[in-house]
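In: Okay, structure incoming, though there's no sequence with it:
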């Protein structure tokens, strides 16, 4: 397949380029790649090495993203390429996110085929996921444009580390997003992810203001981001800068990649985070990567069970016309 010229870059000197896609603003010399490993300066032009070349393509339940208030029980055609603009010590998909493009085999799946496969397998959405979709921006954008014409929803599962201009263009076509808010602590971002917190917070505010359905995931890592003060600050920020109806998922950590010496998150720690979030006033709080009643959705008004889940399976939905079937309260989300 022909390589695709990248969007959002400029020439800084001779054949030296600066990528303007994410807050790293990589300066890339000829024949070199940016920090993400998949945007290359070839003869003074920046190219995406991964356009139409996913390394993973699967049919997933939408709950796996996780999205709990967006077309529950539906299937999502999910794609991801090699590369990432984070380098998290605990990355669960490090085999593909941290690999070099030439080290790993890929599929030939251009945007048109992505949409065809989505229709073939009766999926209601396409999810750009597994690694960081920002680094395969052009592939995501073109696929999303075609999907929208076919009335297929688009979902971005992201670390949120993207600049405002490309994000605003993407918002025209994205219907839902789950953003991984890794910690409410810039030092955590620097130490664990080699990144910064502020651009992620800005992404969350933009998505919310553009009325993209938004859910947030916080992976709780023992002794790193699970202190009560950190959890309270994160929850308060969501309540004050987004709103109390944005679903928050606390996810259980398992040691991976370069974090093998870390501990698994205890159920008690997850339960404690859940209680903190509810006490602060967040209406929809969930616990993931472990089976419990905290996977279910309850009406924030009358506490009746609205959606019963078992892992990624939906067993029961008691929402009718976007409202609680018992008390008639509007339940925030995209249900059809």
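Out: Yep, it's here. None of the values given here were measured: they were computed from a predicted structure. Residues are numbered from 1 along each chain as shown.

In: wait, residue 228 sits on residue 275?
Out: No: the criterion here is Cβ atoms under 8 Å, and residue 228 misses it with residue 275 at 10.1 Å. Backbone N, C-alpha and C define where each C-beta goes, glycine included.

In: now residue 38, nearest residue through space, not along the chain?
Out: residue 83 (3.7 Å; Cβ to Cβ, 6 or more residues apart in numbering).

In: who touches residue 326 in this structure?
Out: Residues in contact with residue 326 (Cβ atoms under 8 Å, 6 or more residues apart in numbering) are 299, 302, 304, 318.

In: what two of those residues are the furthest from one another?
Out: Across those, the longest distance by Cβ to Cβ is 11.0 Å; it joins 302 and 318.

In: got any residues that touch both of the two?
Out: With Cβ under 8 Å, 6+ apart, residue 302 and residue 318 have common neighbours 324, 326.

In: Would you enumerate the residues in contact with residue 74?
Out: So residue 74 contacts 61-62, 123-125 (Cβ under 8 Å, 6+ apart).

In: 7 Å instead?
Out: Shown in contact with residue 74 (Cβ atoms under 7 Å, 6 or more residues apart in numbering): 62, 124-125.

In: Would you map the strands across the stretch 51-200 of the chain?
Out: Ranges of strands in the stretch 51-200 of the chain, per DSSP state E, counting those that start in this stretch, are 56-61, 75-80, 125-128, 153-158, 176-180.

In: got TSV for those, with distance to residue 101, mean pLDDT and mean neighbour count too?
Out: Converted to TSV, the strands of the stretch 51-200 of the chain look like this (distance: least, Cβ to Cβ, whole Å; pLDDT from 0 to 100; neighbours: other Cβ atoms under 10 Å):
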stretch	distance to residue 101	mean pLDDT	mean neighbour count
strand 56-61	14	98	16
strand 75-80	13	98	26
strand 125-128	18	98	27
strand 153-158	20	98	26
strand 176-180	23	98	24
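
In: okay, those in a markdown table with distance to residue 244 next?
Out: A markdown table is the format used below for the strands of the stretch 51-200 of the chain (distance: least, Cβ to Cβ, whole Å):
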| stretch | distance to residue 244 |
| --- | --- |
| strand 56-61 | 26 |
| strand 75-80 | 26 |
| strand 125-128 | 26 |
| strand 153-158 | 23 |
| strand 176-180 | 17 |
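
In: between those, which gets nearest to residue 104?
Out: Of these, nearest to residue 104 by Cβ to Cβ is strand 56-61, at 10.1 Å.

In: thinking again about what came up before, neighbour count for residue 302 and residue 318, which is higher?
Out: residue 318 (15 against 12; other Cβ atoms under 10 Å).

In: and the residue nearest to that one when sequence neighbours are not counted, how many residues sit next to it?
Out: Nearest non-adjacent residue to residue 318, counting by Cβ to Cβ, 6+ apart: residue 325, 4.4 Å away. Using other Cβ under 10 Å, residue 325 is surrounded by 14 other residues.

In: One more: the one 4 residues further on?
Out: Residue 329 sits with 15 neighbouring residues when counted by other Cβ under 10 Å.

In: How confident was the prediction at it?
Out: For residue 329, the pLDDT comes out at 96.

In: per-residue confidence for the residue nearest to it when sequence neighbours are not counted?
Out: Spatial nearest neighbour of residue 329, excluding adjacent residues (Cβ to Cβ, 6+ apart): residue 301 at 4.1 Å. At residue 301, the model reports a pLDDT of 97.

In: Need phi/psi at residue 301.
Out: phi -100, psi -50 (degrees, to the nearest 10).

In: so it touches residue 331, yeah?
Out: No: counting by Cβ atoms under 7 Å, residue 301 does not reach residue 331; the two are 9.2 Å apart.

In: In this protein, mark out all the helices, start to finish.
Out: For the chain, applying DSSP state H gives helices covering 94-97, 111-120, 137-149, 164-170, 186-188, 198-209, 228-241, 267-280.

In: which of the ones you listed sits most buried?
Out: Mean neighbour count (mean count of other Cβ atoms under 10 Å) peaks for helix 137-149 among the helices of the chain, with a mean of 21.

In: Quick check: which helices or strands does it pack against?
Out: helix 111-120, strand 125-128, strand 153-158 (3 or more Cβ pairs under 7 Å, 6 or more residues apart in numbering; DSSP states H and E).

In: In contact with the closest residue to residue 267 other than its chain neighbours, which residues are there?
Out: Spatially, and ignoring its direct neighbours in sequence, residue 267 is nearest to residue 290 (6.3 Å; Cβ to Cβ, 6+ apart). Residue 290 makes contacts with 252, 267, 270, as judged by Cβ under 7 Å, 6+ apart.

In: got these as CSV, with pLDDT and distance to residue 45 columns?
Out: CSV is the format used below for those (pLDDT from 0 to 100; distance: Cβ to Cβ, whole Å):
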residue, pLDDT, distance to residue 45
252, 95, 44
267, 95, 52
270, 97, 47
